[in-house]
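[1] Below is the sequence, then the predicted model.
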Amino acid sequence: MSEKNPARRADAVTPKTNVRDEVSAFVQKVGLMARPNAAEDGRLLFGMDATMSRQPTWDMAVSLQAGMFEAIPKDAHLQVQLIYFRGLGECRASKWVLDANALARLMSTISCQGGNTQIGRVFSHARDEHKRRRISAVVYVGDAIEENVDALCAKAGELGVMGLPLFVFQEGHDSRVEAAFREFARLSKGAYARFDSSAPQQLADLLKAVAAYASGGRAQLKLQSSGAARALLSQIEKQ
């Protein structure tokens with residue numbers, strides 16, 4: 001991408017499309033991915049923008065994230081790490097956890113604070129963690145970009161070369177944010193979807209779909225019955 005200007009949430013709003021269809025397409029795409037080392041415990045990095053505009057969605061995600069674990073078979077394990085940014089340069093990562101309640105408790109202690117996006121730090125952290133031990137997938141949830149888009153694309157491409165897909169969830173309808181998020185997903189060989197904060201089940205279905213993929217690859221995702229789970233599967237097939 002040649003776009004260098006920061007993409008902000010208030011700019012160039014596109015007409016609303018059918019969010020349910022986009023969620024379905026996203027889940028279909030994930031199902032087409034063959035996760036390396038599927039016999040190992042999955043590891044999912046969960047990245048979130050915790051700047052002030054995200055507080056309502058953050059609260060929603062706290063209540064929904066435990067549902068990710070419902071998509072995992074009882075004899076499988078999924079380790080999840082939370083990384084978030086907020087305020088003036090704060091970007092922190094949790095320990096890797098297996099317990100949904102532990103992750104929920106951790107998220108419930110975090111309040112959103114005003115500040116600029118730090119997506120580059122999330123991508124860099126994902127790269128470094130993946131070098132230490134393979135991560136199955138990265139989820140990123142956000143609504144804005146206030147960084148150099150080309151630099152972020154370079155980092156997303158590096159993750160793609162390493163075999164670490166980004167699953168990028170956009171809140172809102174900012175067209176420049178959408179273009180950048182779609183490019184991050186394409187370059188990393190991942191997938192993109194928009195969700196509507198007024199319809200929590202859409203985000204819940206997306207999180208469950210990626211958790212199923214991270215824990216058991218395509219076979220486990222195919223066991224999910226939601227429209228979202230059937231639709232993450234098709235984007236990757238086109239790449």
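    Great, that's in hand. The structure displayed is predicted, hence computed values, not measured ones.
[2] Kindly provide the distance from residue 54 to residue 80.
    In this view, residue 54 and residue 80 are 19 Å apart by C-beta to C-beta, to the nearest Å. Every residue, glycine included, has its C-beta placed from N, CA and C.
[3] what does residue 183 give?
    Using C-beta to C-beta, residue 183 is found at 26 Å from residue 80.
[4] Those two: who's more crowded?
    Taking other C-beta atoms under 10 Å, residue 183 and residue 80 do not tie; residue 80 has more neighbours (24 against 20).
[5] how would you label the closest residue to the more buried one other than its chain neighbours: helix, strand or coil?
    Distance criterion C-beta to C-beta, 6 or more residues apart in numbering; nearest residue to residue 80, sequence neighbours excluded, is residue 44 at 5.0 Å. Secondary structure, DSSP: H, G, I helix; E, B strand; the rest coil: residue 44 is strand.
[6] Residue 135 now?
    The three-state label given to residue 135 by three-state DSSP is coil.
[7] For burial, what's the neighbour tally of it?
    If you count neighbours by other C-beta under 10 Å, residue 135 ends up with 24.
[8] how many other residues sit next to the closest residue to residue 83 other than its chain neighbours?
    With C-beta to C-beta, 6+ apart as the criterion, residue 83 has its nearest non-adjacent residue at 4.2 Å, and that residue is residue 93. By other C-beta under 10 Å, 17 other residues sit near residue 93.
[9] Dihedrals phi and psi, residue 93?
    phi -120, psi 140 (degrees, to the nearest 10).
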